[in-house]
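Peer 1: Pasting a predicted model and its sequence here:
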Amino acid sequence: MAHTSTDARFGTLIDPSAPVRQLGSGFTFTEGPLWHPIEHHLLFSDMPGDVRRRWTPDGQIAEVMRPSNKGNGMTYDADLNLLVCEHSTSSVVRFRPDGTREVMASHFEGKELNSPNDICVRSDGSIYFTDPTYGRMPGFGVERVLQQGFQGVYMLPAGHRPGDEAVLVSDRYMFSQPNGLCLSPCEKFIWVNDTDQANIRLFDIAPDGRLTNARMFAGGIQDALRPGVPDGMKADKDGNIYVTAPGGIWVYAFDGIKLGEIEVPEKTANLHWGGDTWDTLFICASTGLYSVQTNTTARLEPFMSHKGTSPQAAPALGTGLRIDPRRTALIIQDMQNDVIIDKGAFADSGSPVHAREQNVVENSRRLAAACRQAGVTVIHVWFVSETGHPALPQNCSLYRDMKAAGALQRGTWGVAPVAGLEPLSGDLVVEKMTMSAWPSSRLESYLAGAGIDTIINTGAWTNMSVEHTARTAADKGYRVIVPENACSTMNAEWHNASINFAMQNVAEVTDVDRVVAALT
């Protein structure tokens, strides 16, 4: 079965010919797949069948609960308590590992919820869920009169007490049938789809947890000739969105551009990441259960920390260094041919020699690979001047020498990134015309938009661009980590002066091995 690519980026996420494997069949209507990070099994619901089942990698499928109150969407909290949206009881419930069942919420303004449908958990412990009316219809639920007069999105705040009412966080009348929802990797945004409206909206999450600044992310998710509607939805580590749709699963980039379609043999209802490295998509589709291998990994959710692939910070080699990938960006600065390569405009400065002594290209490449794997945003910062250096300040010798040498001009070999540090799919590129990365680039906008408060600061030259960027970052309130062997300058003396004195006051100085260890 060939998948459909509508954008070159699709092929970086999944092989267009990746097989969709059937893991089980003969069910009534499957939903709510959920991978257990320690026990390595997949739970999934069968709403009309009123049963919850478990699939294990040896191919065995067993019932784990019957009746299941026609459970639908499921997730775990950070303590591996199972959270379930129950259609029959109009409740969000929590099952502790010992099997104890607690009703987390069932009412709003003294009236029963419609029928909680899909659910996700934020790192602060708050729980979000949608509340359409499907669970009050025959088959998928228990037919009964509606008590609410609208369909919305709700939150159970961090510290919520079981039985307390849910908090409405959406407009009452925006949605017809809100269904799938998922958080962005930085958790500052949330996507919610609407089955009847065949669209996806993107929201900001306000400090109090409410959904604000609604905007249309994708529309027209329908096809009269193919079965499928917006239902389940998940994000990967880079914020690409995977949503059930006609023909299977449609994939969108973070900017809302449709990248392609994953073809599935049956009408698809929901999906979730799983497997030992969170790179397998498990798919619930009508009467079957399926999986497909991808080239990316999940947006790491709080419960995934129990496998050791958590987005939570980890200690590094006994140093106490801790890094939260979701809130961190790697900056690779001025690693351009003119700056550190023989025959570059600044080769006579000694820069190429010191770069080799530091093994800076390979160290930076290895660090960037680890960051991408962990979900850290990778940003390349380049000094780029137009031909002839118009408007380049001539107030200091650095800029005067740059103009005299014809260095770092757009379109030239000298301005290009060094071999081995070219941007990869998902990386960002920032152009600047100052030593510091801050005043003349989009860097701060990228960091603010992604919810980043920590930067891993690398590149050339240590005592100039890297140090200037670190100083300003500290002034702006950013945490700065400097792996010194991913930086270089003209000679070891200048490098050591910057690392051992100036940087000690504004950054956490470490090395690449320790940063990589903190990310794995």
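Peer 2: Ah, there it is.
Peer 1: can you list the weak-confidence ranges in the stretch 1-150 of the chain?
Peer 2: Per-residue confidence of the stretch 1-150 of the chain (counting by pLDDT under 70) places the weak regions at 1.
Peer 1: at 50 what do you get?
Peer 2: Within the stretch 1-150 of the chain, the set of residues satisfying pLDDT under 50 is empty.
Peer 1: For the stretch 201-350 of the chain, which segments count as strands?
Peer 2: Remark: strands assigned in the stretch 201-350 of the chain by DSSP state E, counting those that start in this stretch are 211-218, 233-235, 241-245, 248-252, 258-263, 270-274, 280-285, 288-293, 328-333.
Peer 1: so of those strands, which one's packed in deepest?
Peer 2: Between these, the one whose residues have the most neighbours on average, counting mean count of other Cβ atoms under 10 Å, is strand 241-245 (a mean of 28). C-betas here are computed from N, CA, C, even on glycine.
Peer 1: Paired strands for that strand, with orientation please.
Peer 2: strand 233-235 (antiparallel), strand 248-252 (antiparallel) (DSSP bridges).
Peer 1: ok so, going back, let me have the strands of the stretch 201-350 of the chain in JSON lines, extended by distance to Arg96 and mean pLDDT.
Peer 2: Compiled in JSON lines, the strands of the stretch 201-350 of the chain are given as follows (distance: least, Cβ to Cβ, whole Å; pLDDT from 0 to 100):
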{"stretch": "strand 211-218", "distance to Arg96": "29", "mean pLDDT": "97"}
{"stretch": "strand 233-235", "distance to Arg96": "25", "mean pLDDT": "98"}
{"stretch": "strand 241-245", "distance to Arg96": "30", "mean pLDDT": "98"}
{"stretch": "strand 248-252", "distance to Arg96": "32", "mean pLDDT": "98"}
{"stretch": "strand 258-263", "distance to Arg96": "35", "mean pLDDT": "97"}
{"stretch": "strand 270-274", "distance to Arg96": "21", "mean pLDDT": "97"}
{"stretch": "strand 280-285", "distance to Arg96": "24", "mean pLDDT": "98"}
{"stretch": "strand 288-293", "distance to Arg96": "26", "mean pLDDT": "97"}
{"stretch": "strand 328-333", "distance to Arg96": "33", "mean pLDDT": "97"}
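Peer 1: Need those strands in JSON lines (columns: distance to Gln394).
Peer 2: Rendered in JSON lines, the data for the strands of the stretch 201-350 of the chain read as follows (distance: least, Cβ to Cβ, whole Å):
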{"stretch": "strand 211-218", "distance to Gln394": "43"}
{"stretch": "strand 233-235", "distance to Gln394": "47"}
{"stretch": "strand 241-245", "distance to Gln394": "48"}
{"stretch": "strand 248-252", "distance to Gln394": "46"}
{"stretch": "strand 258-263", "distance to Gln394": "45"}
{"stretch": "strand 270-274", "distance to Gln394": "53"}
{"stretch": "strand 280-285", "distance to Gln394": "55"}
{"stretch": "strand 288-293", "distance to Gln394": "56"}
{"stretch": "strand 328-333", "distance to Gln394": "23"}
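Peer 1: Looking at these, which is nearest to Pro97?
Peer 2: Judged by Cβ to Cβ, the one of the strands of the stretch 201-350 of the chain that comes nearest to Pro97 is strand 270-274, at 18.7 Å.
Peer 1: on contacts alone, who are the packing partners of that closest one?
Peer 2: The elements that strand 270-274 packs onto, with contact taken as 3 or more Cβ pairs under 8 Å, 6 or more residues apart in numbering; DSSP states H and E, are strand 30-35, strand 233-235, strand 241-245, strand 280-285.
Peer 1: What does the residue of the chain positioned farthest from its centre show for phi and psi?
Peer 2: When distances are taken from the C-alpha mean of the chain, Ala404 lies farthest, 44.0 Å away, according to Cα atoms, centre = their mean. The main-chain torsion angles of Ala404 are listed as degrees, to the nearest 10 and equal phi -60, psi -40.
Peer 1: before we move on, back to that, with distance to Asn193 as added columns, please give the strands paired with strand 241-245 in TSV.
Peer 2: Formatted as TSV, the entries for the strands paired with strand 241-245 read as follows, by distance: least, Cβ to Cβ, whole Å:
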stretch	distance to Asn193
strand 233-235	6
strand 248-252	11
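Peer 1: Of these, which is nearest Ser17?
Peer 2: Nearest to Ser17, of all those, is strand 248-252, at 14.4 Å by Cβ to Cβ.
Peer 1: Show me the contact partners of that closest one.
Peer 2: Judged by Cβ atoms under 8 Å, 6 or more residues apart in numbering, the contacts made with strand 248-252 from elsewhere in the structure are 10, 13-14, 20, 200, 217-218, 221, 228, 240-243, 258-264, 268, 271, 281, 283, 285.
Peer 1: still on that earlier bit, TSV please, covering the helices and strands packed on strand 270-274 and showing distance to Gln409.
Peer 2: Putting those into TSV (distance: least, Cβ to Cβ, whole Å) gives the following:
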stretch	distance to Gln409
strand 30-35	51
strand 233-235	39
strand 241-245	39
strand 280-285	45
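Peer 1: which one of these lies closest to Ala492?
Peer 2: Between Ala492 and these, the shortest separation by Cβ to Cβ is 44.2 Å, and it involves strand 233-235.
Peer 1: that older thread, list just the one of the helices and strands packed on strand 270-274 that sits closest to Gly344.
Peer 2: Checking these against Gly344 by Cβ to Cβ gives strand 233-235 as the closest, at 40.3 Å.
Peer 1: Show me the contact partners of the closest one.
Peer 2: Around strand 233-235, the neighbours that count as contacts under Cβ under 8 Å, 6+ apart are 118, 179-185, 191, 193, 200, 241-244, 271-273, 298-299.
Peer 1: quick revisit: check contacts around the residue farthest from the centre of the chain.
Peer 2: The neighbours of Ala404, taking Cβ under 8 Å, 6+ apart as the test, come to nothing; the list is empty.
Peer 1: quick one: it and Ser445, what's the gap?
Peer 2: Ala404 sits at a distance of 33 Å from Ser445 (criterion: Cβ to Cβ, to the nearest Å).
Peer 1: Over to Ala473?
Peer 2: Noted for Ala473: a distance of 15 Å to Ser445, by Cβ to Cβ.
Peer 1: out of those two, which sits in the more crowded spot?
Peer 2: Regarding Ala473 and Ser445, a neighbour count based on other Cβ atoms under 10 Å identifies Ala473 as having more, with 24 against 10.
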